[in-house]
Every structure is written in C-alpha cells, then in structure tokens.
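Novice: no FASTA, just this:
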C-alpha cells in the first residue's frame, strides 16, 4: 500500500517568507508526527497529533512554527518568517495507534521535505 | 530528560566483517528501543525493535538485545555487505510520551 508522502520534496525560500509543508499519512493511521533532521541537531521531535488534536507540541522551536491536522489525515507544518537556521529536512511519520497500544511503537516515515532558506 | 547516545562515526568496514554499533540510553520507566536505518537517498526505515528488557530484536541479519542493567541496545551483524552502507539511528520511546528520541546517527560504509 501507499506509504507516507510529503510535499514538496524540496523547497527553497528567501529569509522572512512563510512556507507550508504537507504530509499525507498512511490511510487509517491515527497518530502523526513531525521531526526535523539537521546537521547540527540531528533528528528532533517537533509535534505529535492523535487524530486532529496535538497533545504534544513540546518540540516546536519557536512560535513561528505551527501545525494542524484536518480530518484525522493530512497535516500541514507552517513556518512563518523563515530564518536560515530553519534549513533542514522535515520528516513526517505516522503510526497505526498513538494511544500507547502495542502498534503505537512503530512509526513509518515519509521521504521528507528539504527546506533551504537563503 | 530522555536521551540516546550512539558511538560516533563514520564507521568503515570491509565486506563480511563483524559490525557493532554501540547505543546507550537514559530514560525513566521502561522505554521501547529501536534501530532505524536511512539508506542513501531514502527515508527512515524501522530496522528492528525491542519493547522490554532482555528482548532481542532482529531483522536482515542484524540483532540488538535490550539490556536494562547496562541501559544499552547495541546493534550487531555477523557479516556485513556493501548494501548495508547507510546511516543507523538508535531511538527510544516511552509509553505515554509517543515521540521518538534519536541518537545522533552513525554513518556506516562497507567496502567490497
């Protein structure tokens, strides 16, 4: 079946512009996660959705970052007024059950969106 | 807070060599432990997992055993192949915490 998809695969933007990154999780997966992969910081958690609500936003680095999920499916990560330190690969993952059941431990990752802020 | 520490890379081996990539963790409670792999140009894939102490995860000839007494989850393979060249990430998650906490990654290169 189809895996997690993300778009765009690459995004180059000018400092100060807003960007939106999209994630389509695996159909039926209730949990959705955003991570960031950068050279200096490794792989960092950003936010977790269970259904349409976000019980854990603790990884969002500043109030310029926000995310939403609609219909328990597609999620959008928005970065406002981008800065050069936002350059990274943004990864989305989904899981069949984010509520602590046994299936919640397996996260399936998308290919990522490479964001470059110039 | 929770953390994962991996041996620093890069690691370069010859084909058929024995591989060990060390991973230790710090976490409260009883985390689940994972190894993820990122092949060149591809996304992160789950390689293996262990959800309780003394569990052994295995896949594609790789193994790792959850050692609570040493808080470790070292990755091993008896005979590596060129196709194993990738970046390997050790990670943990805690029930209720949901998020994965990753180590810094270890780049492995296997030469023929």
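Specialist: Arrived safely, thanks for sending. Just so it is clear, the model here is predicted, and its values are computed rather than measured.
Novice: near chain A, which residues of chain B?
Specialist: B:32, B:34, B:36, B:42-46, B:49, B:51, B:89, B:91, B:93, B:95-105 (CB under 8 Å from any CB of the partner chain). All C-beta atoms are positioned from the backbone trio N, CA, C, and that covers glycine.
Novice: can you rerun that using 10 Å?
Specialist: B:1, B:4, B:6, B:31-34, B:36, B:38, B:41-46, B:49-51, B:89, B:91, B:93-105 (CB under 10 Å from any CB of the partner chain).
Novice: Selection in PyMOL covering whichever of those are buried, please.
Specialist: Provided next is the PyMOL selection string for whichever of those are buried by 16 or more other CB atoms under 10 Å in any protein chain shown:
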select buried, chain B and resi 4+6+31+32+33+34+36+38+43+44+46+49+50+51+89+91+93+94+97+98+99+100+101+102+103+104+105
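Novice: Chain B: strands as residue ranges?
Specialist: Assigned by DSSP state E, the strands in chain B fall at B:3-6, B:11-14, B:19-21, B:23-26, B:32-38, B:44-50, B:56-59, B:62-65, B:75-77, B:86-93, B:101-102, B:106-111.
Novice: Kindly reformat those strands as TSV containing mean pLDDT.
Specialist: Output for these, formatted as TSV (pLDDT from 0 to 100):
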stretch	mean pLDDT
strand B:3-6	95
strand B:11-14	97
strand B:19-21	97
strand B:23-26	96
strand B:32-38	94
strand B:44-50	93
strand B:56-59	96
strand B:62-65	98
strand B:75-77	98
strand B:86-93	95
strand B:101-102	94
strand B:106-111	96
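Novice: for those, which one sits closest to residue A:94?
Specialist: Residue A:94 lies closest, by CB to CB, to one member of the strands of chain B: strand B:44-50, at 12.4 Å.
Novice: Show me what the closest one is packed up against.
Specialist: Strand B:44-50 sits against strand A:88-95, strand A:108-109, strand B:32-38, strand B:56-59, strand B:62-65, strand B:86-93, with contacts defined as 3 or more CB pairs under 10 Å, 6 or more residues apart in numbering or on different chains; DSSP states H and E.
Novice: give me that answer again for 6 Å
Specialist: Judged by 3 or more CB pairs under 6 Å, 6 or more residues apart in numbering or on different chains; DSSP states H and E, the packing partners of strand B:44-50 are strand B:32-38, strand B:56-59.
Novice: any chance of those strands in a markdown table, plus distance to residue B:16?
Specialist: What follows is these, written out as a markdown table (distance: least, CB to CB, whole Å):
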| stretch | distance to residue B:16 |
| --- | --- |
| strand B:32-38 | 19 |
| strand B:56-59 | 19 |
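Novice: what about the most centrally placed residue in chain A, which helix or strand?
Specialist: Taking CA atoms, centre = their mean, the centroid of chain A lies closest to residue A:34, which sits 2.8 Å from it. Element membership for residue A:34 (DSSP states H and E) is strand A:31-38.
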